[in-house]
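Undergrad: What follows is a predicted structure for the sequence shown.
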Amino acid sequence: MPDFPTIVYKCPGDRFGPPHTTYQSIGVTDQKTFDKALTDGWFATLVEAVNAYLKPAPERVAIVSEPIDNAPPTRDEMLTKAAEIGLTVDKRWSDKTLANKIIEQLEAQEAELLTVPEEPAP
């Protein structure tokens, strides 16, 4: 049982901690607040907070354990992606041109999603 007041910690945060980490901290003044903070993801020590932050989550492990495919996409993969995003493909396009057109289409769609519609004038 800690002596009060005490500090609890969480990573990441706005303060620089051990190498490659940041943390945040808050003060607690009683056991009830301390217990609530621990159930909300805070830790009694900075070491515990850093270890919890650096420990890979199960879904991260699954992603990292899968082989990484660094090969460029095949023509078939690019044609499939083009169909998914509604890009009309000219069969004369080279693989490089097709890849560039897909990127342009994706960027245009992303820009459209990020555009805030103007409000009608009153």
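TA: Structure's in. What do you need? Fair warning: this is a prediction, and the values are worked out from it, not measured in the lab. Numbers count the residues shown, from 1 in each chain.
Undergrad: Following the chain past the longest strand anywhere in the chain, name the next helix or strand.
TA: Looking across the chain with DSSP state E, the single longest strand is strand 6-16. Next helix or strand after strand 6-16 toward the C-terminus (DSSP states H and E): strand 22-28.
Undergrad: Downstream of the least confident helix or strand in the chain by mean pLDDT, the next helix or strand is which one?
TA: Least confident helix or strand of the chain, by mean pLDDT, DSSP states H and E, is helix 58-65 with a mean of 50. Counting by DSSP H and E, the element after helix 58-65 in chain order, helix or strand, is helix 75-84.
Undergrad: helix or strand right after that next one?
TA: helix 95-114.
Undergrad: Show me which positions of that next one end up buried.
TA: Neighbour counts over helix 95-114 (16 or more other Cβ atoms under 10 Å) mark 98-99, 101-102, 105 as buried. All C-beta spots, glycine's among them, are computed from the backbone N, C-alpha and C.
Undergrad: domain assignment for this protein?
TA: 6-57, 75-114 (automatic domain parsing).
Undergrad: so which of those is the most packed in?
TA: Ranked by mean neighbour count, the domains of the chain are led by domain 6-57 with a mean of 14 (mean count of other Cβ atoms under 10 Å).
Undergrad: Please state the offset of that domain from the chain centre?
TA: 20 Å (Cα atoms, centre = their mean, to the nearest Å).
Undergrad: I'd like the mean pLDDT over the one helix or strand Thr33 maps to, please.
TA: Per DSSP H and E, Thr33 falls inside helix 31-39. Average pLDDT, helix 31-39: 93.
Undergrad: I figured Asp30 was touching Asp3, is that so?
TA: No. Asp30 is beyond contact range of Asp3, at 11.3 Å (criterion: Cβ atoms under 8 Å).
Undergrad: Residue ranges in this protein under the pLDDT threshold?
TA: 56-70, 113-122 (pLDDT under 70).
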